[in-house]
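Asker: Just to be clear, the model below is a prediction. Sequence and coordinates:
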Amino acid sequence: MLLKILLTCLYTLCLTIRASAYPAEQAVLRGDAPRPLVIWHGMGDSYGSPGMLQFMDVVRKMHHGIFVHSIYLDEDLKEDEKAGFFGNMDENVERVAEQLANITELRNGFDAIGFSQGGQFLRAYVERYNSPPVNNLVTFGSQHMGISDLPMCGPYDLFCQLARRYAARGGVYNTWSQEHLVQAQYFRDPSQLDLYLKTNKFLTSINNEIPETANATYGQNFASLNALVLILFTADKTVVPKETSWFGSYAPPNSSDEQVAKTIVPMRMQPLYTGDWIGLRQLDERGAVRLDACEGEHMQLTRECWEPIVKNYVGGELSHHRSDISTVY
């Protein structure tokens, strides 16, 4: 009897020591800490830039004890920035899935914020992998229905200028561009939809636009989100059209009239939505899609705009995550 008591005390002591040795990890795994946050930066930025570090610091002050992870494709900041212009996005999303799966603090799920192109890349993660699962997905100025013009470059954006030069030289729909130029992999020209569907491998895949290769798992995973928050920038001239942030796109031109050629097909009129190719309609009909806007140009984020969103859709209790999120690609 005495031996049993001693063994019980020893076991309890070991558990206490282990818990005190890894307090942050234990809190996350028990669900005591706020739900972790994963962010993916945009074009021309890196995972550890001053702006990203400042944003993460504000989030940590807003949600005390939160674990925040900034996705990277290279630990070298300059190389990580370069990876936002050059690389194969199918391979990159796979690498990110492995990265997230190996972070203990994310094991029970997390909220996610994608800045600009980081938003559709996070959506690709949700659709294809989602293990560990995403609870709330927030995207700022993301190109969910692609772009019909390549973003303009600043005077010192060397990688951006190089990418545009390669695209102009060979065209966005040639094999090299579709495998190596990041922006070409979500370039969707409404006047060349047949060519886009024939050559594009990334955006056509995550939007399930090709019936022969459509993957039902993508829709199941995406529809499992607790909330999808889509932010558009009202004066966005970098992302064309800006409505792509709300799953809008230019209609295919069927007239020489310029006004007709620039007609926007809104989210709820997209075949992707009406046919529910990716689970977007399920999310919307459940009341889980929020369309919001920030005043100003692309990624000119004011605190007044982003702070309420981060307060409401980041840092909830892990136990509040939807219990039906279990599908893994």
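Answerer: On my side now, so go ahead. The shown structure was predicted, so the numbers you read here are calculated from the model rather than taken from an experiment.

Asker: burial count for the closest residue to K242 other than its chain neighbours?
Answerer: Beyond its immediate neighbours in the sequence, the residue positioned closest to K242 (C-beta to C-beta, 6 or more residues apart in numbering) is D236, lying 3.7 Å away. Heads up, the C-betas are built off the backbone N, CA and C, glycines and all. Using other C-beta atoms under 10 Å as the criterion, D236 is surrounded by 22 other residues.

Asker: first vs last residue of stretch 199-217, how far apart are they?
Answerer: 23 Å (C-alpha to C-alpha, to the nearest Å).

Asker: what comes into contact with that stretch?
Answerer: For stretch 199-217, the surrounding residues in contact (C-beta atoms under 8 Å, 6 or more residues apart in numbering) are 89-90, 120, 123-124, 127-128, 144-146, 173-175, 178-179, 185-188, 196-197, 218-219, 272, 277-278, 327, 329.

Asker: can you give me the mean pLDDT across that stretch?
Answerer: Averaging the model's pLDDT scores along stretch 199-217 yields 97.

Asker: buried set for that stretch?
Answerer: Taking 16 or more other C-beta atoms under 10 Å as the basis for neighbour counts, the residues of stretch 199-217 that come out buried are T199, N200, F202, L203, T204, S205, I206, N207, N208, E209, A214, N215.

Asker: and after the host helix or strand of W176, which helix or strand comes next?
Answerer: Secondary-structure assignment from DSSP states H and E places W176 in helix 175-180. Scanning forward in sequence from helix 175-180 by DSSP H and E, the next helix or strand is helix 193-199.

Asker: State the next helix or strand along the chain beyond that next one.
Answerer: With elements assigned by DSSP H and E, the helix or strand that comes after helix 193-199 is helix 203-206.

Asker: closest to A227 among the buried residues of stretch 199-217?
Answerer: Closest approach between the buried residues of stretch 199-217 and A227, by C-beta to C-beta: I206, at 19.0 Å.

Asker: separation between the closest one and Q185?
Answerer: According to C-beta to C-beta, to the nearest Å, I206 and Q185 sit 10 Å apart.

Asker: what's the answer for H41, then?
Answerer: Applying C-beta to C-beta, the value for H41 to Q185 is 17 Å.

Asker: just Q192 next, same as before
Answerer: From Q192 over to Q185 the distance is 15 Å, taken as C-beta to C-beta.

Asker: Those two: which has the busier surroundings?
Answerer: In this view Q192 and Q185 are compared by other C-beta under 10 Å, and Q185 has more residues nearby, 25 against 16.

Asker: can you tell me the distance between the two ends of stretch 177-187?
Answerer: Taking C-alpha to C-alpha, the span from the opening residue of stretch 177-187 to its closing residue is 10 Å.

Asker: Looking at it now, give me its mean pLDDT.
Answerer: 95.

Asker: Ok, stretch 37-45 next?
Answerer: Average pLDDT, stretch 37-45: 96.
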